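Visitor: structure for this input, please:
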Amino acid sequence: MRGLAELAMRGPKQAMILAIVFACIPMLFWVSAAIISLVVLRRGAAEGLKLLSWAALPGIAWAAMGQFSTIIGLTTTVTLALILRQTVSWQKTLLALLPAGALIALVLAQLAPQQITLISDLVMTFIRDYVQQAGQSTDDLVVGLRPLVEYGVIGVVAWFNLVSCILGLVLARSWQSHLYNPGGFREEFHRIRLPLTVAMGLLAFTLVGATIAPFLLVVVPAATLPLLVAGLAMIHGLVGMRQLGSFWLVGFYILLIFVTQLAYPVIVLTACLDSLYDFRARAANRLHQG
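Guide: Have a look, this model is predicted:
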């Protein structure tokens, strides 16, 4: 992957060709987004946006065929890269995921209602079958749950789009570090920690946001992402301090994939506790005293 970054940074023509090629492949659009974000982070907004205008052409073509992830991923990732370049703050960049998630949810609701309806129907069928097996009536349940299911589906789809955007931005930042500041991204990522008020606000919104207004369910998954990234940064930081090696991180991510439903909320809650207790600072003090 580093060779890809080196090729992209040889000149605007090489970057444009690579960005367009990867944007033409739906499953690899995040690589195109990473290439454009690398240009933004290294060479500035003007050159990056010029590159985005070319890479967006395949995204627009895919959108015309009903596939919106490419154009959403490209524009959102580049926007996050612009914020990161301007603020030089991962905390502020991660908070931008909330309005980005809301905007993506709105776009999906307006432009992809058939896909949302199809997924919602599948979820409702699963719920209906489960309730019928329990011997209960499903008529009232379908009427009451249908709007919540649709909001939830929109939120989850927006969440998946945002995850690909974060991956693209992280890849771009790591490329920049490898090429121009070796080791810089590792130190930068290990220091990510949300302020206590922000972390608790995100946690409170995640827990009670949908009870205040059901439509807020479309943003709740996005609100967990800053906490997730902060939790992952904390784990990477502690592993790095203890010099435990990559084996522990590989095992952790395998565990995260296979027990996501359990591990995800644990990481989110741990990120909140880290905002309160700063586990990395405590670990550093213990290592220094030891």
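
Visitor: for residue 68, phi and psi?
Guide: phi -100, psi -10 (degrees, to the nearest 10).

Visitor: from here on, count from 49
Guide: Taking 49 as the first residue, the last one we looked at is residue 116.

Visitor: residue 143 against residue 246, yeah?
Guide: Yes. Counting by C-beta atoms under 8 Å, residue 143 touches residue 246, with 6.9 Å between them. Backbone N, C-alpha and C define where each C-beta goes, glycine included.

Visitor: shared neighbours, the two?
Guide: Common contact partners of residue 143 and residue 246 (C-beta atoms under 8 Å, 6 or more residues apart in numbering): residue 274.

Visitor: residues in contact with residue 283?
Guide: Contacts of residue 283 (C-beta under 8 Å, 6+ apart): 297, 300, 315.

Visitor: from those, which is closest to residue 195?
Guide: residue 315 (29.5 Å; C-beta to C-beta).

Visitor: is the closest one in a helix, a strand, or coil?
Guide: helix (DSSP: H, G, I helix; E, B strand; the rest coil).

Visitor: residue 255 versus that one, what's the distance?
Guide: 16 Å (C-beta to C-beta, to the nearest Å).

Visitor: between these two, which one's more packed in?
Guide: residue 315 (20 against 11; other C-beta atoms under 10 Å).

Visitor: hmm, that one is touching residue 281, no?
Guide: No. Between residue 315 and residue 281 there is no contact under C-beta under 8 Å: 10.4 Å.

Visitor: could I get the average pLDDT for stretch 281-294?
Guide: With pLDDT averaged residue by residue, stretch 281-294 scores 89.

Visitor: what residues of it count as buried?
Guide: 281, 282, 283, 284, 285, 286, 287, 288 (16 or more other C-beta atoms under 10 Å).

Visitor: quick check: the fourth one touching residue 236?
Guide: Read that as residue 284. No. Using C-beta under 8 Å, residue 284 is not in contact with residue 236, being 11.0 Å away.

Visitor: need the residues touching each of these two.
Guide: By C-beta under 8 Å, 6+ apart, no residue touches both residue 284 and residue 236.

Visitor: where's the residue nearest the centre of the chain, which helix or strand?
Guide: Geometric centre of the chain, nearest residue: residue 211, 2.7 Å, by C-alpha atoms, centre = their mean. Residue 211 is part of helix 187-228 when elements are defined by DSSP states H and E.

Visitor: what lies in contact with the helix or strand just after that helix?
Guide: Using DSSP H and E, the helix or strand that follows helix 187-228 in sequence is helix 232-238. With contacts defined as C-beta under 8 Å, 6+ apart, helix 232-238 is touched by 138, 218, 221, 222, 224, 225, 226, 281, 284, 285, 288, 328.

Visitor: can you show me the CA trace of helix 232-238 as CSV?
Guide: Written as CSV, here are the backbone C-alpha positions of helix 232-238 (Å, rounded to 0.1, in the frame of the first residue of the first chain):
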residue,chain,number,x,y,z
GLY,A,232,4.2,10.4,13.6
PHE,A,233,0.8,8.8,13.0
ARG,A,234,1.4,6.1,15.6
GLU,A,235,2.1,8.8,18.3
GLU,A,236,-0.8,10.9,17.0
PHE,A,237,-3.3,8.0,17.1
HIS,A,238,-2.2,6.8,20.5
